[in-house]
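Novice: Predicted model, plus sequence, below.
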Amino acid sequence: AKNLSEMPPLPGGEHNVPESERIPRCTSSSFKFESGAIGTLTHALLLHDQRYFTEIDIWADGIRVMIQDPYYDTKLVVRREHCNDEEEIPVPKIATGDDMYLKEVIAFIDAIRTNNPSKIRSLYSDSMKTYRLTYEIRTKAE
């Protein structure tokens, strides 16, 4: 191809999705915590023949925390103050095919049915804050 306009369509069939129905293929945001630490969140649908990949980086004075691929093969990597080495901290593995969102819904419904909220790990108000943050990131990216 001599011109970009002559390039073949992208793999994955995105060209078959109406433009008004598409979502950004890559979104990146930076934010500052009240403590002064800087965080970045990148979410991309760019890898061919694979699921998406998410990575969260948090930077603070002398510290870096990376949460890599939190939905499938989670890695927690930390670089501590006054140390050039990164340390991988073990995290529980999520079983293949385990649907964390379905588990959240089941726990919520079970809490209502049994009047026992002990399995709910986050307050609704926290969930709304997370939703508002992700909505803001998404709308700014459009």
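Specialist: Thanks, I have it. Residues are numbered from 1 along each chain as shown.
Novice: Distance of residue 70 relative to residue 54?
Specialist: In this structure, residue 70 lies at 6 Å from residue 54, with C-beta to C-beta, to the nearest Å as the measure. Where you see a C-beta, it was placed from the backbone N, CA and C, and this is true even at glycine.
Novice: Same check on residue 39?
Specialist: Using C-beta to C-beta, we find residue 39 at a distance of 13 Å from residue 54.
Novice: Next: residue 121.
Specialist: Taking C-beta to C-beta as the criterion, residue 121 is separated from residue 54 by 19 Å.
Novice: Next, residue 113: secondary structure please.
Specialist: Assigned with DSSP: H, G, I helix; E, B strand; the rest coil, residue 113 falls in the helix class.
Novice: So what are the sheet partners of the helix or strand bottoming out on mean pLDDT in the chain and their directions?
Specialist: Of the helices and strands making up the chain, the lowest-confidence element is strand 38-44, at a mean of 77, by mean pLDDT, DSSP states H and E. Neighbouring strands of strand 38-44 in its sheet, by DSSP bridges, are strand 26-32 (antiparallel), strand 53-60 (antiparallel).
Novice: Tabulate those in TSV, adding columns for mean pLDDT, distance to residue 75 and mean neighbour count.
Specialist: Output for the strands paired with strand 38-44, formatted as TSV (pLDDT from 0 to 100; distance: least, C-beta to C-beta, whole Å; neighbours: other C-beta atoms under 10 Å):
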stretch	mean pLDDT	distance to residue 75	mean neighbour count
strand 26-32	81	19	13
strand 53-60	81	9	16
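Novice: closest to residue 18 out of those strands?
Specialist: Among these, strand 26-32 comes nearest to residue 18, with 19.7 Å by C-beta to C-beta.
Novice: Contacts made by the closest one with the rest, please.
Specialist: When contacts are taken as C-beta atoms under 8 Å, 6 or more residues apart in numbering, the neighbours of strand 26-32 outside the stretch itself are 38-46, 137-138, 140-141.
Novice: Quick one, which of the residues you listed are buried?
Specialist: Applying a neighbour-count criterion of 16 or more other C-beta atoms under 10 Å, the buried members of the contacts of strand 26-32 are 41, 43, 137.
Novice: how far away is the residue sitting nearest the centre point of the chain from residue 72?
Specialist: The C-alpha lying nearest the average C-alpha coordinate of the chain belongs to residue 54 (C-alpha atoms, centre = their mean; 4.5 Å). Here the distance between residue 54 and residue 72 works out to 9 Å (C-beta to C-beta).
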